[in-house]
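> Build the 3D model from these lines:
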Amino acid sequence: MSEVIHAAFSDMVKSLRKQRKLTQQELATRLGVHRNTIGVWERGDYLPKSKTIVLELARILKLDTHETQHLLEKLFRLEHSDRLMNMTADERIASLEEQLKQALEEVHVLQEQLVAAQKRMEEFAQQKTRAPAFVKVSVKKPCALNHTTTNTSHRLPGVRTSLSK
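The predicted structure is shown next:
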C-alpha cells in the first residue's frame with residue numbers, strides 16, 4: 001500500500017478503487033455521487049468538495065487511519081497549492097495575515113483558559129489549607145471481657161464530616 005500513499009490524489013483514488021475491485025459506477029453508487037464524478041477525480045480534473053466526502057470515500061474503500069490521513073493530506077495540499085497558484089502576491093500576503101490573525105486569536109483563547117485553570121488551582125490549594133487537620137469520629141468497639149461494646153473516640157487525619165466543628 002505504500003506505493004499508493006506516495007501517489008497523487010487522483011492516482012491514489014483510482015488505485016485504491018481497483019484494489020478493492022470496485023468499478024467507478026459501484027463506488028459512485030455507494031458514495032451517492034454520479035459515476036462521472038469518480039472519473040473526474042481519478043483524472044485529476046476536479047477534487048472532492050468537502051472533507052466529509054473524502055472521509056466517506058475512505059470508509060467505503062476500507063482505508064485504515066494512516067491511509068485516510070494521507071488521502072486527506074493529498075487533497076488539501078492540492079487545494080492549497082491551487083489556491084496559491086491563482087493568487088497575486090498581495091492576495092497571498094492578505095491570506096497569510098488572516099491566518100496569523102486566526103492563530104493569534106487561538107493563542108489568546110488558550111491564554112485565557114490557562115489563567116482560568118491557574119485560578120482554579122489556587123482556589124483548590126487555599127481550600128485545602130483551610131481544611132481541619134483532624135476530625136473526631138465515634139466508633140463502637142467490642143469489649144473482650146464482657147462481650148459488650150464501648151464507645152471510643154478516634155481522631156482521623158484529613159477527614160471532614162458535617163457533624164464536626
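
> any idea which element residue 110 lies in?
Taking DSSP states H and E as the definition, one finds residue 110 inside helix 89-130.

> Let's test this: name the helix or strand in this structure with the lowest mean pLDDT.
In the chain, the helix or strand scored least confidently by mean pLDDT, DSSP states H and E is helix 2-5, which has a mean of 41.

> Now the helix or strand following that helix: average pLDDT?
Counting by DSSP H and E, the next helix or strand C-terminal to helix 2-5 is helix 9-19. The average pLDDT within helix 9-19 is 89.

> For helix 9-19, give me every contacting residue.
Counting by Cβ atoms under 8 Å, 6 or more residues apart in numbering, the neighbours of helix 9-19 from elsewhere in the structure are 4-5, 7, 24, 27, 38, 41-44, 47, 57, 61, 63, 67, 70-71, 74-75, 78. In this view, the C-beta of every residue, glycine as well, is placed from N, C-alpha and C.

> Let's see which of those end up in helices.
Helix and strand membership here follows DSSP state H; of these, those in helices are 4-5, 24, 27, 38, 41-43, 57, 67, 70-71, 74-75, 78.

> which stretches of this protein have low pLDDT?
Low-confidence regions of the chain, defined here as pLDDT under 70, cover residues 1-7, 77-87, 92, 130-165.

> just to revisit the earlier point, filter the contacts of helix 9-19 down to just the buried residues.
Among the contacts of helix 9-19, those scoring as buried are 4-5, 24, 27, 38, 41-42, 47, 57, 61, 63, 67, 70-71, 74-75 (criterion: 16 or more other Cβ atoms under 10 Å).

> Out of these, which is nearest to residue 102?
Distances from residue 102 to these, taken as Cβ to Cβ, are shortest for residue 75 (21.0 Å).

> So the closest one is in contact with residue 55, correct?
No. In this structure, residue 75 sits apart from residue 55 without contact. The criterion is Cβ atoms under 8 Å, and the distance is 10.6 Å.

> distance of residue 23 from residue 76?
27 Å (Cβ to Cβ, to the nearest Å).

> same question, residue 112
Taking Cβ to Cβ as the measure, residue 112 and residue 76 are separated by 29 Å.

> Please say which of these two ends up with more neighbours.
Per other Cβ atoms under 10 Å, whichever of residue 112 and residue 76 has more neighbours is residue 76, with 14 against 10.
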